[in-house]
Each structure stands twice: as C-alpha cells, then as structure tokens.
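>>> here is a sequence with its predicted model. Questions after.
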Amino acid sequence: MGGIKAIAVNRRARYDYTVDDSFECGIELLGTEVKSFRDGKISFPDAWAELFKGEVWLRSLRIAENPFSSVFNHDPDRKKKLLLHREEIKRLARKTEEKGYTLIPLSFYFKNGRVKVELGLCKGKKTYDKRADIRKRDIKREIAREFRRG
C-alpha cells in the first residue's frame with residue numbers, strides 16, 4: 001500500500017480565502033469513520049480548525065454514519081483531533097492570534113493507508129480580491145487560447 005489517494009478537495013476555500021501556509025496533519029478517527037472516509041461520505045463546506053489547550057480540533061466536518069455498523073456507529077458531528085508536531089501547533093497559535101487568520105481544511109487524502117488533512121492558514125478575501133482573481137484567470141485562459149491558435 002503506497003502513494004496518495006485523494007478523498008475530497010475544498011475548492012471553495014481557495015476562492016474565499018488566500019492561503020498563506022499549509023500543513024499536513026493526521027486526524028484521529030474511529031474505525032467506522034475511516035470506513036466512511038473510504039466511501040467518500042464526508043461533508044465539509046464550512047469546516048474550520050481551532051486551537052484549544054495546546055491541541056488542534058477540526059470542527060463542522062460531517063462524516064456520515066456507516067450503514068453496516070449498527071450500534072457501534074460514531075457521532076457524525078463530533079469534533080476531531082488533528083495530529084501535529086508541538087512546534088507546528090505553536091507556530092499556528094502565533095499566526096491565528098493575528099487579526100483575520102483562520103485554519104481551514106483544504107483537502108483530505110489517504111497517504112500510505114492513513115487519512116491526512118491539508119490544513120491551510122488562511123485569510124479571508126474581500127469581494128474585489130475575488131473579482132481580481134477571476135479577471136486574472138480569464139486573461140490567462142485567453143492567452144493560452146491565443147498560443148494554441150498560433
């Protein structure tokens with residue numbers, strides 16, 4: 001078992017936020033949650049992470065219950081602990097204390113059989129920033145079309 005297999009990507013996060021830094025984190029899951037991850041039964045449109053007593057917790061990540069695990073199922077809305085090195089947590093704590101910074105999950109994937117989260121240190125974009133990004137992307141697309149035409 002090797003390599004990286006993508007589970008889900010939060011494309012909306014890159015539209016709504018500017019990503020200054022990203023971290024690869026492990027995530028503490030129950031067995032039935034891992035089964036739901038394998039089936040891709042997760043939802044995180046407004047998920048975010050918070051620092052609490054020197055630990056990083058992922059909030060608003062909904063992992064659907066597994067239909068085959070009856071009474072041993074997990075709570076779909078429980079907060080999940082993210083696994084990071086102490087130095088990384090200290091650096092995140094310093095950055096999130098600055099005005100406007102928040103921690104957003106950018107993607108979930110399997111790496112060597114373990115679920116990983118790409119956590120982004122993000123700052124919210126204003127409406128005019130979003131418009132400028134769309135304009136840049138359109139210009140880039142037009143230039144690429146012109147090069148293909150010759």
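Sure, I can see it.
>>> ok, longest helix in the chain?
Ranked by residue count under DSSP state H, the longest helix found in the chain is helix 127-149.
>>> elements contacting that one?
Applying 3 or more C-beta pairs under 8 Å, 6 or more residues apart in numbering; DSSP states H and E, one finds that helix 127-149 contacts helix 11-16. Where you see a C-beta, it was placed from the backbone N, CA and C, and this is true even at glycine.
>>> quick check: buried residues in the helix it packs on?
Within helix 11-16, the residues that qualify as buried are 13-14, counting by 16 or more other C-beta atoms under 10 Å.
>>> between helix 127-149 and the helix or strand sitting right after that helix along the chain, find me the angle.
Remark: after helix 11-16, the chain's next helix or strand is strand 17-27, criterion DSSP states H and E. Calculated by axes from the mean of the first three to the mean of the last three C-alpha atoms, to 10 degrees, strand 17-27 forms an angle of 90 degrees with helix 127-149.
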